[in-house]
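Visitor: What follows is a predicted protein model with its sequence.
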Amino acid sequence: MSSSSKTDPGRLFEDFRLGEVIRHPTPRTLHAGDASLYLALTGDRHALLCADPFARACGLAGAPLDPWLVFHTVFGKTVPDISRNAVANLGYAEGRWLALVHPGETLRASSEVIGLKRSSNGRTGVVWVRTQGLRADGAPVLEYVRWVLVHARNAQAAPGEEAVVPTLAPAVAAESLWTPPDLRFADYPWEAAGARWAYEDYEPGERIDHGDGMTVEEAEHQLATRLYQNTAKVHFDAHAQADSRFGRRLIYGGVVISLARALSFNGLQNAALTLALNGGRHVAPLFAGDTVYAWSSVLDKVALSESVGALRLRLVAAKNTPCADFPDRAADGADHPAVILDLDYWAATPRRG
Amino acid sequence: MSSSSKTDPGRLFEDFRLGEVIRHPTPRTLHAGDASLYLALTGDRHALLCADPFARACGLAGAPLDPWLVFHTVFGKTVPDISRNAVANLGYAEGRWLALVHPGETLRASSEVIGLKRSSNGRTGVVWVRTQGLRADGAPVLEYVRWVLVHARNAQAAPGEEAVVPTLAPAVAAESLWTPPDLRFADYPWEAAGARWAYEDYEPGERIDHGDGMTVEEAEHQLATRLYQNTAKVHFDAHAQADSRFGRRLIYGGVVISLARALSFNGLQNAALTLALNGGRHVAPLFAGDTVYAWSSVLDKVALSESVGALRLRLVAAKNTPCADFPDRAADGADHPAVILDLDYWAATPRRG
Amino acid sequence: MSSSSKTDPGRLFEDFRLGEVIRHPTPRTLHAGDASLYLALTGDRHALLCADPFARACGLAGAPLDPWLVFHTVFGKTVPDISRNAVANLGYAEGRWLALVHPGETLRASSEVIGLKRSSNGRTGVVWVRTQGLRADGAPVLEYVRWVLVHARNAQAAPGEEAVVPTLAPAVAAESLWTPPDLRFADYPWEAAGARWAYEDYEPGERIDHGDGMTVEEAEHQLATRLYQNTAKVHFDAHAQADSRFGRRLIYGGVVISLARALSFNGLQNAALTLALNGGRHVAPLFAGDTVYAWSSVLDKVALSESVGALRLRLVAAKNTPCADFPDRAADGADHPAVILDLDYWAATPRRG
């Protein structure tokens, strides 16, 4: 019997070429059932994303899929090519959603390698990719940059190998924010939304403790991560992980983002629609059995149209530590031991009008 | 930095006013995917609720959503306003389903405060609400009374504070039962239903042991409770619950109802459609790892039309105790230590014709 | 009070009659939400089964439901009548899928008893059934033979009781394979599929280690098995199983098949559509907490049309043992201690053309 090499082992650092465009396989049609599962997995309650009449009152054809479900689906497509064996997911930048995705639409993904830098010890390297999520007709629905630490095949740099580190914007500029052309909040159903807080009620500097906590089980994060067709081994293989640094399965960072976003409903009830991902860092890993809490601060705000404003928000998630005291970096920049996520994003919010 | 008070902490006893109508936020469009999830979470098998051709043979447009999925969805909407910090869910009465809900329809909820009574120790109080579940067009799909024990802000009654305890019917009268106008069981697909037992085969006094047991995992009840957008902290926050009376997460009582109902298929195969909730009591809490068993007794029966009858059923669920011996209250009225649910409801059943 | 015998206890060996046709109850309409759940439970990524445009490029109306979701749904229908109290599921043969099933279609099942043989100790017996899965219009979508070991009511054979053991084909003949009439792989979207391996690239004798491992939680297999409306007690009742031979819940063998199939994507990316089940054996039980790995070998291949080929594959799953060394039976025929599944099936694969 012969052994086959048809199994895709994933790429190592040397397998990436600057400027290379990787068209990721396995497109996926998303359905209302995916929205239901997303809701069951996160507890999200934003009426704009789960009630058709509410979405229609805001000018949309119906409730779109949560932009983060779109993000995780696109991200999942990139994992086999980019980060199947990644050491760590280091950061995000320049993320913008470019179209709403409705049930029945099909997503695929494509990534361009825009940066490469071997680590000083030679055994790993950082890969920067700019990823696009695309509809079946080729229209982009999302783009973002992420960088990951991947294993290198050889411990030494190849002759002529040069580090290229892309220059990334610290945040998506307000004038680059995309909003759905039909979106208008002039007749926003305030009562149905769950809170009266409008764009005008939020000010930079304001901090919000979201109050609730959500404990995560192994079955839950595995279901979510498989729903996104994210195949990274570290999330699923307890047998292999027993010998790893942490001794157990790691929870996909996107699960943390979505849980923290769902928790943030309480205080940000009207910031349903994420528009842009300015940056983000998975500060520490989350494990099954841990409880996620979250707090937000308002970083900036900008009016986008007569009825639509955007809030730039910092979303911080902590584990096993309620956030009434807003756990944060120390004055010396050291991470707070409980913090697991530090995310910077823009979300659309109705103006009071 | 300033701290915001935009986080909704939920109401305390003093925050409820007699006669006040609370329009609960966050409407939700239910999809066939919710029905699939409900089925995966409960194991229900009633063909009327999961097979379109079967439902059409009974005069309906297609399989409606399980009335209990409708109940939990409506109930979930009320939690942030009524019972977010409740000490205990005490009871239900006068519950009637008033329309079938089909995939694609949107539900919201509204509650009127119909009773208030401070506890003798002053630190808590009972709140009675009559809740309506409504379609987007305002048509009611469900109404029920429930009462909950909530914390009081002050340990002493306010001047003039008077107890008002509503008078509630011991059961929904047979003549008040709503059935779908098109429902007819004249051509009931007996073979496809799973059993030949008709309205005529059940007699008051009869008891049925449903035989099977179902063990509940943390991930399962959390998925279900989030699907219903029920945000009560006690179901999700293991970290906070560690310091609670029980030391762990409590399972939402609606999960118990739905599991017991699904188990009751075996013996009540043709009682798919719940029509009314006469009363109910969560006798004791259920925890993850426990196994639910159930038995039923027939309390009453009434013919509603030529082909449709209704059975008034008592559904008793027990934990970690098979129900071949019908665990029940002792002669002195003391609860059986294994019993967790005691529910009294009406369900439609085909007449043999 | 009287006790009712309306609860179906399931059949014992003596309750089966040779030639008897059992029409299984509780038809079920499958939805896109079931496909989403199946994907979240298995991690499958075959674009033909989860992306409508990909399926259309292959001549189909849209992505069909995974043939194994169809199998488990049909199988689940048979459990209350055939194997509710089975001791063991012994084997499968002569399985053929006969139509694609699309979201919105309703499935029911029917079985003919084709073999009966009491065990030598008299207390159990083997029952062979040929099961059909049928659409609402009566068109068959699947047929297969399975045999199970069931408890006998009496320890002694009845007078005249004779063993009848059916003769079963060792494999479905290539000329009996059904493929969708519109299926054509002439314009197969190779890039979107995830690998370039075509029918021509696989040769009998070739072995493929699928690399990844998937750990299974109690909540996951229970959700899956309830989704299939499979009611076998051993999967759900931890309380009763505590006194069983294994002391805990057994995972439904179909969960193992689907996980192994999903893992096999890596190496068999283009073998999305299962056509036939030649045989299969659940070599050992899987328990929650175990990690599933899988390898495949190519047993045979046959061209079915100008663009469609079929691979006959052996799929072996092992627990807590990566499959780089292809764990298999010993030379003396003894099972490998890690192997839990040994499945023999045909799958459609594009020819390079």
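Guide: In hand now; what should we look at? Values in this document were obtained by computation on a predicted structure and should not be read as measured data.

Visitor: residues touching the closest residue to chain C within the stretch 251-353 of chain A, list them.
Guide: Across the stretch 251-353 of chain A, the shortest distance to chain C (CB to the nearest CB) belongs to A:A288, at 9.0 Å. C-beta coordinates here come from the backbone N, C-alpha and C atoms, glycine included. A:A288 makes contact with A:V216, A:E217, A:E218, A:H221, A:R248, A:R249, A:I251 under the criterion CB atoms under 8 Å, 6 or more residues apart in numbering or on different chains.

Visitor: any idea whether it is helix, strand or coil?
Guide: At A:A288 the chain is in coil, as set by DSSP: H, G, I helix; E, B strand; the rest coil.

Visitor: one step back: which one of the contacts of A:A288 is nearest chain B?
Guide: For the contacts of A:A288, the nearest to chain B is A:E217 (3.9 Å; CB to the nearest CB).

Visitor: could you list every residue that touches that closest one?
Guide: A:E217 neighbours (CB under 8 Å, 6+ apart): A:A288, A:G289, B:E217, B:E218, B:A219, B:Q222, C:E217, C:A219.

Visitor: Which strand or helix spans whatever residue of chain A ends up closest to chain C?
Guide: Among all residues of chain A, A:G33 sits closest to chain C, at 2.7 Å; criterion: CB to the nearest CB. For A:G33, the host element (DSSP states H and E) is helix A:32-42.

Visitor: ok, is the helix or strand just after that helix in contact with chain B or not?
Guide: Reading on from helix A:32-42 to the C-terminus, the next helix or strand found by DSSP H and E is helix A:47-50. Yes - judged by CB under 8 Å from any CB of the partner chain, helix A:47-50 and chain B are in contact via A:A47, A:C50.

Visitor: Give me the residues contacting helix A:47-50.
Guide: Residues from elsewhere that reach helix A:47-50 (CB under 8 Å, 6+ apart): A:35, A:39, A:44, A:54-55, A:58, A:60, A:63-66, A:189, A:192-194, A:272-273, B:25-29, B:229.

Visitor: burial of the closest residue to A:K77 other than its chain neighbours, as a residue count?
Guide: Closest residue to A:K77 apart from its sequence neighbours, by CB to CB, 6 or more residues apart in numbering or on different chains: A:A109 at 3.8 Å. Using other CB atoms under 10 Å in any protein chain shown, A:A109 has 26 other residues around it.

Visitor: Let me see the contact set for A:A109.
Guide: Counting by CB under 8 Å, 6+ apart, A:A109 has contacts A:H24, A:V74, A:F75, A:K77, A:T78, A:T131, A:Q132, A:G133, A:L134.

Visitor: Could you give the bridge partners of the first one?
Guide: Read it as A:H24. A:A109 (DSSP bridges).

Visitor: Let me see the contact set for it.
Guide: A:K77, A:T78, A:P80, A:D81, A:R108, A:A109, A:S110, A:S111.

Visitor: pLDDT wise, what is the residue nearest to A:K77 at?
Guide: pLDDT for A:A109: 98.

Visitor: So among the contacts of A:H24, which ones count as buried?
Guide: Buried subset of the contacts of A:H24 (neighbour count, 16 or more other CB atoms under 10 Å in any protein chain shown): A:K77, A:T78, A:P80, A:D81, A:R108, A:A109, A:S110, A:S111.

Visitor: Please tell me I have it right and the third one contacts A:R11.
Guide: Okay, so that is A:P80. No - applying CB atoms under 8 Å, one finds A:P80 not in contact with A:R11, separated by 9.1 Å.

Visitor: Show the contacting residues for the residue in chain A that chain B sits nearest to.
Guide: Residue nearest to chain B within chain A (CB to the nearest CB): A:G33, separated by 2.7 Å. Applying CB under 8 Å, 6+ apart, we find A:G33 in contact with B:H31, B:A32, B:G33, B:S36, B:L37, C:H31, C:A32, C:G33, C:D34, C:A35, C:S36, C:L37.

Visitor: tell me the pLDDT at it?
Guide: 97.

Visitor: For the longest helix seen in chain A, the averaged confidence score.
Guide: Using DSSP state H to define each element, chain A has its longest helix at helix A:67-82. The average pLDDT within helix A:67-82 is 97.

Visitor: Can I get it as PDB, trimmed to CA atoms?
Guide: Output of helix A:67-82 as PDB, limited to C-alpha atoms (Å, rounded to 0.1, in the frame of the first residue of the first chain):
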ATOM      1  CA  PRO A  67     -21.500  41.400  10.500                       C
ATOM      2  CA  TRP A  68     -19.500  39.300  12.900                       C
ATOM      3  CA  LEU A  69     -21.100  36.100  11.600                       C
ATOM      4  CA  VAL A  70     -19.900  37.300   8.200                       C
ATOM      5  CA  PHE A  71     -16.500  38.000   9.600                       C
ATOM      6  CA  HIS A  72     -16.100  34.600  11.200                       C
ATOM      7  CA  THR A  73     -17.300  32.900   8.000                       C
ATOM      8  CA  VAL A  74     -14.800  34.700   5.900                       C
ATOM      9  CA  PHE A  75     -12.000  34.200   8.500                       C
ATOM     10  CA  GLY A  76     -12.800  30.500   8.700                       C
ATOM     11  CA  LYS A  77     -12.300  30.200   4.900                       C
ATOM     12  CA  THR A  78      -8.700  31.600   5.300                       C
ATOM     13  CA  VAL A  79      -7.700  29.300   8.100                       C
ATOM     14  CA  PRO A  80      -6.600  26.200   6.100                       C
ATOM     15  CA  ASP A  81      -4.400  28.400   3.900                       C
ATOM     16  CA  ILE A  82      -3.100  31.000   6.400                       C
END
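
Visitor: on contacts alone, who are the packing partners of the following helix or strand past that helix?
Guide: Counting by DSSP H and E, the next helix or strand C-terminal to helix A:67-82 is strand A:88-97. Secondary-structure packing of strand A:88-97 (3 or more CB pairs under 8 Å, 6 or more residues apart in numbering or on different chains; DSSP states H and E): helix A:67-82, strand A:140-151, strand A:273-282.

Visitor: Right, I'll call it a day here.
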